[in-house]
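Undergrad: Predicted model, plus sequence, below.
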Amino acid sequence: MPLAGTGCAISPHFLAMVALARGGDPFDATSLTEDYELGLRLAELGARGIFARVAADDTGTVVAVRAYFPGTIPESVRQKTRWMTGIALAGWDRTGWARPRALADHWMRMRDRRAPIAVVVLAIGYLAVPAWILSLSLHAQSAHAAPYANGAYPIALWLLAANALLLAWRLGMRMVFTWRSYGLREALWALPRFFVGNLVSLLAAPRAVLVYIGMLRGAPPVWDKTRHAFPDLAGHPVVGIDGLGRVAVTR
């Protein structure tokens with residue numbers, strides 16, 4: 001099933017345990033990010049999760065989600081708003097923190113909930129880059145050299161270099177794994193999509209805060225479902241569940 005932006009399989013045993021605790025329904029319709037909270041609940045029950053790369057045939061094709069993400073900025077912002085509200089804001093109220101000694105779980109929840117602060121830092125960064133270029137240009141036209149040009153701030157320069165290397169590594173990994181599943185063309189598109197994703201985050205953050213404030217004032221959560229455009233499946237196997245609950249493969 002689609003789950004947190006990926007294709008996931010959940011053990012029926014653990015799904016039944018969640019359903020038993022919720023009066024027969026494993027899914028919580030009152031949550032904006034129900035799939036995310038379901039993952040936390042499964043971990044609390046002792047379920048073990050793995051990342052699996054499964055071959056679909058002998059040619060190297062892998063099992064992957066083939067639905068396209070929203071193709072317009074407004075649709076993408078709505079999707080990102082729901083994620084940010086449901087995970088970083090309202091989700092904090094709903095799920096709290098893990099057990100005291102579950103340090104890895106604490107780290108991951110803190111990482112997920114940093115989104116509103118990260119967007120502020122991101123906005124400052126995008127403003128700082130043109131300001132830095134403007135500063136260099138003005139100093140180049142004057143008789144005074146820029147303070148950082150003569151090594152006045154060595155720690156800042158080292159931090160900038162380290163961040164640049166980490167960013168290059170992250171973008172490289174994004175391109176490599178996109179290439180392996182979707183080809184070279186999509187791998188090259190991964191670079192501009194990185195900046196588009198940042199733009200979506202910048203637009204979604206204030207909207208998420210307003211939605212969360214409304215929820216605190218009593219407004220009901222609104223499930224802003226993402227509309228997916230699926231690729232042409234002609235000639236490709238389709239896996240589904242038949243009326244008896246069995247896995248059915250059609251071509």
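TA: That came in fine, so what should we check first?

Undergrad: going forward, measure contacts between C-alpha atoms and count neighbours the same way
TA: OK.

Undergrad: Residue 97 and residue 176, how far apart?
TA: 34 Å (CA to CA, to the nearest Å).

Undergrad: Tell me the buried residues in the longest helix seen in the chain?
TA: Longest helix in the chain, counting residues (DSSP state H): helix 184-216. By 16 or more other CA atoms under 10 Å, the buried positions in helix 184-216 come out as 187, 190, 199-205, 207-209, 211-212.

Undergrad: Could you do stretch 14-32 as well?
TA: For stretch 14-32, by 16+ other CA under 10 Å, it's 14, 15, 18, 26, 31, 32.

Undergrad: Which pair of those residues spans the longest distance?
TA: Spanning the widest gap among those are 14 and 32, at 21.6 Å by CA to CA.

Undergrad: Find the residue closest to residue 198 in space, skipping its chain neighbours.
TA: residue 122 (7.8 Å; CA to CA, 6 or more residues apart in numbering).

Undergrad: can you put the buried residues of helix 184-216 in JSON lines and add pLDDT and distance to residue 160?
TA: Converted to JSON lines, those look like this (pLDDT from 0 to 100; distance: CA to CA, whole Å):
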{"residue": "187", "pLDDT": "93", "distance to residue 160": "26"}
{"residue": "190", "pLDDT": "91", "distance to residue 160": "23"}
{"residue": "199", "pLDDT": "93", "distance to residue 160": "22"}
{"residue": "200", "pLDDT": "93", "distance to residue 160": "24"}
{"residue": "201", "pLDDT": "93", "distance to residue 160": "22"}
{"residue": "202", "pLDDT": "94", "distance to residue 160": "22"}
{"residue": "203", "pLDDT": "94", "distance to residue 160": "26"}
{"residue": "204", "pLDDT": "93", "distance to residue 160": "27"}
{"residue": "205", "pLDDT": "93", "distance to residue 160": "25"}
{"residue": "207", "pLDDT": "92", "distance to residue 160": "31"}
{"residue": "208", "pLDDT": "92", "distance to residue 160": "30"}
{"residue": "209", "pLDDT": "92", "distance to residue 160": "30"}
{"residue": "211", "pLDDT": "90", "distance to residue 160": "35"}
{"residue": "212", "pLDDT": "91", "distance to residue 160": "34"}
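
Undergrad: Which parts of the stretch 1-150 of the chain are strands?
TA: 2-3, 6-7 (DSSP state E, counting those that start in this stretch).

Undergrad: Any idea which of these has the lowest pLDDT on average?
TA: Ranked by mean pLDDT, the strands of the stretch 1-150 of the chain end with strand 2-3 at the bottom, a mean of 66.

Undergrad: tell me which residues in stretch 112-125 are buried?
TA: Buried residues in stretch 112-125, counted by 16+ other CA under 10 Å: 113, 115, 116, 119, 122.

Undergrad: what about the nearest residue to residue 112 once chain neighbours are set aside, distance to residue 7?
TA: Distance criterion CA to CA, 6+ apart; nearest residue to residue 112, sequence neighbours excluded, is residue 88 at 6.3 Å. Using CA to CA, residue 88 is found at 22 Å from residue 7.

Undergrad: Tell me which of the two has more neighbours.
TA: Taking neighbours as other CA atoms under 10 Å, residue 88 and residue 7 compare with residue 88 leading, 23 against 12.

Undergrad: Surely the more buried one touches residue 117?
TA: No: contact criterion CA atoms under 8 Å: residue 88 and residue 117 do not qualify, at 10.0 Å.
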